[in-house]
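[1] sequence plus the predicted model coming up.
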Amino acid sequence: MSLVPVVQFQRRIAHLGHFFRRQKPQSINKRQICHASIVAFLTCGRRRGGSDYCYNAAVFRKIFGLTAGLAGTYVCLAQQASSPQQPPVKVNVLNVCAPSEEEQQEIASALSHVAKHPSFGPDFEVDRGRSVLDQNANLLAPASNAPMSSAETSANFVRMRRDFLSQAVYSNVQYSFSRDSQQMVETLVFRVREPKDLLQVAIEDSASSVTTAAAMLGAATPASRIKLERFGKSSVVLARCPGQNGGVPPDQSAYEPLFSSASSILSDYRALIGAKRLVPEELVRIDSVDRPVAQRKNAAPSHHK
């Protein structure tokens, strides 16, 4: 018995025994089968040569169902493998009112490295301007020259930067003063020269806009917020916290030495970088932009004899 008749299915499904025992498939006589469930699915016919043949339709149904199930499983697995996985979202909750002992030590260490009598380099920067924020505006929409609406608020700001010499721990200090219709905010930022764990230190205070900028700068307003930005870690923040719902504020007497040290640094650097004199002068220049040209000419001193 050769291999050719074994491979030829003769319009039948080959049995495993056809390959191992080299058996040739035989025709089935429908009259010799008595099982009703099998006979019901048998389909018989006659070939051109005159021989009879039969096949079981139920076998084709099972093979079709198995093939469809495997194909559906493969499609689902392929879709899961190709779809990008969403990155996990990590939320860090900062306790700004009561930092831990370790965080307090980090704040104290960062403030202790601020030079009390710094040596500034020749580079410096003084910048002023106005920032407009519309609470209802789309930040992605193009800007327009339309007049400000009631929902828009603006803030005038003055920024100054001084560079330290190379032997200092911090590379530069940036001072920022911002004033809007409700409050004035003063921020002092020290950037580390060679950041490893600590990136920068920020000291902030604020006051109501009912007073002038010169009065706030001369009153030595105490620091209300200290923030350490770290590389690859969450920030360390200490802030003065008011009472919830108008209640009694939390006891922060244990952190008063840190607030006192930050306030002293802020007061010293106001004088070192000349903020008490430059900030009021630059704010006046910003306000003069809104005045008509005729008023600005009249206000300018005349140099004609």
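    Arrived safely, thanks for sending.

[2] from the contact counts, what lies against the helix or strand containing residue 279?
    Using DSSP states H and E, residue 279 sits within helix 275-288. For helix 275-288, the elements it packs on are strand 120-134, strand 152-164, strand 170-179, helix 213-218, judged by 3 or more C-beta pairs under 8 Å, 6 or more residues apart in numbering; DSSP states H and E. For the C-beta atoms, the positions are set from N, CA and C on the backbone; glycine is no exception.

[3] buried ones in that helix?
    Buried positions in helix 275-288, judged by neighbour count with 16 or more other C-beta atoms under 10 Å: 275, 278-280, 282-283.

[4] which residues sit against that helix?
    If you take C-beta atoms under 8 Å, 6 or more residues apart in numbering as the criterion, helix 275-288 is touched by 126, 128-130, 156, 158, 160, 175, 177, 179, 212-214, 217-218, 269-270, 296, 299.

[5] who's in contact with residue 243?
    By C-beta under 8 Å, 6+ apart, the contact list for residue 243 reads 249-250.

[6] and if we set it to 7 Å?
    With contact taken as C-beta atoms under 7 Å, 6 or more residues apart in numbering, residue 243 is in contact with residue 249.

[7] quick check: chain neighbours aside, which residue is closest to residue 180?
    residue 155 (4.0 Å; C-beta to C-beta, 6 or more residues apart in numbering).

[8] can you redo the helices and strands packed on helix 275-288 as JSON lines with mean pLDDT and distance to residue 202?
    JSON lines is the format used below for the helices and strands packed on helix 275-288 (pLDDT from 0 to 100; distance: least, C-beta to C-beta, whole Å):
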{"stretch": "strand 120-134", "mean pLDDT": "88", "distance to residue 202": "18"}
{"stretch": "strand 152-164", "mean pLDDT": "90", "distance to residue 202": "14"}
{"stretch": "strand 170-179", "mean pLDDT": "94", "distance to residue 202": "9"}
{"stretch": "helix 213-218", "mean pLDDT": "89", "distance to residue 202": "18"}
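
[9] closest to residue 69 out of those?
    When the helices and strands packed on helix 275-288 are compared by C-beta to C-beta, strand 120-134 sits nearest residue 69, at 57.9 Å.

[10] list the buried residues of that closest one.
    For strand 120-134, the neighbour count (16+ other C-beta under 10 Å) marks 126, 128 as buried.

[11] now that strand - C-alpha only, CSV.
    What follows is strand 120-134, C-alpha atoms only, in CSV (Å, rounded to 0.1, in the frame of the first residue of the first chain):
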residue,chain,number,x,y,z
PHE,A,120,26.9,88.7,43.7
GLY,A,121,28.4,88.3,40.2
PRO,A,122,28.2,91.0,37.5
ASP,A,123,25.1,89.4,35.8
PHE,A,124,21.7,90.6,36.8
GLU,A,125,18.2,91.0,35.4
VAL,A,126,15.2,93.3,36.1
ASP,A,127,11.9,92.6,34.4
ARG,A,128,8.4,94.0,34.7
GLY,A,129,5.0,93.4,33.0
ARG,A,130,1.4,92.5,33.3
SER,A,131,-0.3,89.1,33.2
VAL,A,132,-4.0,88.8,32.3
LEU,A,133,-6.1,85.8,33.3
ASP,A,134,-9.6,85.2,32.1
